[in-house]
Structures are given as structure tokens and as C-alpha cells.
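>>> Whatever this is, show me its structure:
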Amino acid sequence: MPWLESVPIAVSNNIDEEELARLAQEGSEVNVIGIGTSMVTCPRQPSLGCVYKLVSVGGQPRMKLTEDPDKQTLPGSKAAFRLLGSDGSLLLDVLQLAEEPPPQAGQELRIWPRGARESCLVRPAQVEPLLHLWVQQGQLCKPLPSLAESRAFAQLSLSRLSPAHRRLEQPALYQVALSEKLQALVHRLRAGASL
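Residues are numbered from 1 along each chain as shown. This is a model prediction of the structure:
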């Protein structure tokens, strides 16, 4: 029956990234994919655990100290910036104290990659702020982006990640670093407390 060739093939039921990869690897002729369950229920972490951790009290920086560095908080009010290479590729993100001047494109910056014992120097070709004020005192500060704008931003952000960061199996960790001043504050607060 010739008309069967034009009938779309649809799949649904617990479709996630791994299933999409499997279908692609098998050369599937699927035309329509229904995704929903995994987006709504998040099977890998079905509950959202939140803990509010203070980073400042009365303007004084505070941090949670623990022997597990991944569970420590970073003290003080912070700013975050994405550093890019001359080809637009992502180098890393840097966290710094909000009072510090933002990094500048073309200028050398000493940073402390998370988990590293030594600092290093980086010279970004481009710098993008990551934190944007959308709501202040309960009021929108600027119009929210449209769905199409949000989608385009998400697609651009994903396309800038290297294939090593995007792969489904054992993705490379994306590098995040601290500014020298934030690293010094963390060191000072750790030195003043006994674990």
C-alpha cells in the first residue's frame, strides 16, 4: 500500500535522552517523538531538596564549612561571568564578589579553578555577565523574553559547549573558577574556623 509510506511513525512512553540516542543509533525512522513523563517527573531525582544557606549576615560574609569541599558554600554576595575564547568557545565561568570590577575582555585574570591547589591565568576574548536582574522588590525590571527568544538562547548556549561537555555518557565537567579576592575570603574564613 503506497499510502503507508507517508504515515508518520510516532513513539512516546518514557522517552528520555538515552532512548533518543538509542533510536538515533539504530537508524530509527521515527518522525514524531512524544516527550513528557521524564520532563515532568524527573526520574533521576524525583524530589526537589532545597536548603537555604546564608552567605552573609548583616553585611558580613559567612560560609558553611565542611570537610567535603562540594558541600561548602561560597561567602558573600557574588557576581558570575562567562569567559569566552576568540572563536566564541566557552573557556570557563568565574565567580567573584559583587563588589569586584567585572573581568574585561583582553585583560589577564588570575583565577582559582574549583578543586585546584594553584591559581592560573586566563585572558578571555569576550566576557558575558551571567546574572541579570529581572525582579526587584516584587516588580519586573524588564520584559520577560518570549518563548522563541528563550529557546534560541538555550540552543545557542548548548551549541557553545564542546562535544565533550554535551555527550550523554561521562560528560566532561564544565570548569568554574573563583576570583583571587573570593578565593582569599574563602581561605581566610576557613583559617578562622576549626572543622
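>>> what helix or strand is the residue nearest the centre of the chain on?
In the chain, the centroid-proximal residue (Cα atoms, centre = their mean) is residue 174; its distance is 8.1 Å. Secondary structure assignment for residue 174, by DSSP states H and E: no helix or strand.
>>> Beta-bridge partners for residue 97, please?
Beta bridges link residue 97 to residue 78, judged by DSSP bridges.
>>> my guess is it contacts residue 74, does it?
No: Residue 97 lies out of contact with residue 74 (Cβ atoms under 8 Å); the separation is 9.4 Å. C-betas here are computed from N, CA, C, even on glycine.
>>> list residues touching both of those two?
residue 182 (Cβ atoms under 8 Å, 6 or more residues apart in numbering).
>>> quick one: residue 153 from residue 182, how far?
Distance of residue 153 to residue 182, given as Cβ to Cβ, to the nearest Å: 27 Å.
>>> Which one of the two is surrounded by more residues?
residue 182 (23 against 11; other Cβ atoms under 10 Å).
>>> Now do the SS call for that one.
helix (DSSP: H, G, I helix; E, B strand; the rest coil).
>>> so who does it touch?
So residue 182 contacts 74, 75, 76, 78, 95, 96, 97, 100, 112 (Cβ under 8 Å, 6+ apart).
>>> make it 10 Å
Counting by Cβ atoms under 10 Å, 6 or more residues apart in numbering, residue 182 makes contact with 61, 74-76, 78-79, 94-97, 100, 111-112.
>>> before we move on, what about residue 121?
108, 109, 110, 111 are the contacts of residue 121 under Cβ under 10 Å, 6+ apart.
>>> Let's see that with 6 Å instead.
108, 110 (Cβ atoms under 6 Å, 6 or more residues apart in numbering).
>>> For it, list each beta-bridge partner.
Here residue 121 shows beta-bridge partners residue 110, assigned using DSSP bridges.
>>> And it, how far from residue 98?
According to Cβ to Cβ, residue 121 and residue 98 sit 23 Å apart.
>>> what's the burial count for the residue nearest to residue 8 when sequence neighbours are not counted?
Closest residue to residue 8 apart from its sequence neighbours, by Cβ to Cβ, 6 or more residues apart in numbering: residue 31 at 4.0 Å. Neighbour count for residue 31, taken as other Cβ under 10 Å: 10.
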